[in-house]
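Chemist: Got a sequence here, can you build the structure:
(2 chains)
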Amino acid sequence: TQLLEQSPQFLSIQEGENLTVYCNSSSVFSSLQWYRQEPGEGPVLLVTVVTGGEVKKLKRLTFQFGDARKDSSLHITAAQPGDTGLYLCAGARSGGGADGLTFGKGTHLIIQP
Amino acid sequence: EAGVTQFPSHSVIEKGQTVTLRCDPISGHDNLYWYRRVMGKEIKFLLHFVKESKQDESGMPNNRFLAERTGGTYSTLKVQPAELEDSGVYFCASSQVGSNSPLHFGNGTRLTVT
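Modeler: Numbering: from 1, shown residues only, chains lettered A, B, ... in the order given. Now for the predicted structure:
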């Protein structure tokens, strides 16, 4: 069974601080996706990383895929209250990503003004 | 474009009853997935349709769960008879065919079995 461990589970920081969320596995994934989920809604895709070592930036969010494609990180610079939410990582087993995803439990992030 | 819609948003039923969840994917999306999140656990894959065919149903918990996608459009997930451990949020997602096509999730159906 492929598992994705996310850390931390909960994080509460002040506006303007930086933070990093980690997603680790002992298994190799063909790609890894990061989602953000708001209460009462479904997960919304933020980014997909495919190549080992790949780095993608989305405004103040930086996503990195580990060289061995077993882990990933999400770094937020100068966090804003609007960044509050549940962040989920999910790994795809096959190249097309059409197979079922393996999700981590998520990181609950609270940015206090 | 309309997103993935799920109905109902909430359902409370008693143990032993039957419940049917519905998912309408984004028009033109051949891939349709069902996922479930049980309280305290991660979101888990249940099954995957490509059009009307079941591509992968390895995540279905047991034979009390039946998913259909007649005509390759909307899908239903029936739980019969429901058990307490079936409580959770059931998500549907859809995507176009193609490498790394983004997955679009619905808002889920929160099922409570009492």
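Chemist: Grab the most central residue of chain B for me.
Modeler: With distances taken as CA atoms, centre = their mean, residue B:34 lies nearest the centre of chain B, 3.3 Å away.
Chemist: Report the contact partners of the residue lying closest to it once chain neighbours are set aside.
Modeler: Of all residues not flanking residue B:34 in the chain, residue B:46 sits nearest, at 4.1 Å (CB to CB, 6 or more residues apart in numbering or on different chains). All C-beta atoms are positioned from the backbone trio N, CA, C, and that covers glycine. The contact partners of residue B:46, by CB atoms under 8 Å, 6 or more residues apart in numbering or on different chains, come to A:100, B:33-36, B:57, B:59-61, B:65, B:67, B:77, B:90.
Chemist: What of residue A:52?
Modeler: Remark: with contacts taken as CB under 8 Å, 6+ apart, residue A:52 is in contact with A:65-69.
Chemist: Equivalent analysis for residue B:94, please.
Modeler: Residues counted as contacts of residue B:94 (CB under 8 Å, 6+ apart) are B:4, B:23, B:25-26, B:29, B:31-33, B:103-104.
Chemist: Show only the entries of the contacts of residue B:46 found in strands.
Modeler: B:33-36, B:65, B:67, B:77, B:90 (DSSP state E).
Chemist: Buried residues, the host helix or strand of residue B:49. List them.
Modeler: Element membership for residue B:49, per DSSP states H and E: strand B:43-50. Along strand B:43-50, these residues count as buried under the neighbour rule (16 or more other CB atoms under 10 Å in any protein chain shown): B:43-49.
Chemist: for stretch B:64-76, what is the average pLDDT?
Modeler: Summarised as a single mean, pLDDT over stretch B:64-76 is 95.
Chemist: Distance to residue A:79 for the contacts of residue B:46 - can I get that in a markdown table?
Modeler: Output for these, formatted as a markdown table (distance: CB to CB, whole Å):
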| residue | distance to residue A:79 |
| --- | --- |
| A:100 | 31 |
| B:33 | 31 |
| B:34 | 34 |
| B:35 | 28 |
| B:36 | 31 |
| B:57 | 40 |
| B:59 | 34 |
| B:60 | 39 |
| B:61 | 38 |
| B:65 | 40 |
| B:67 | 40 |
| B:77 | 37 |
| B:90 | 32 |
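Chemist: Now restrict these to buried residues only.
Modeler: Listed as buried from the contacts of residue B:46 are A:100, B:33-36, B:59-60, B:65, B:67, B:77, B:90; burial here means 16+ other CB under 10 Å.
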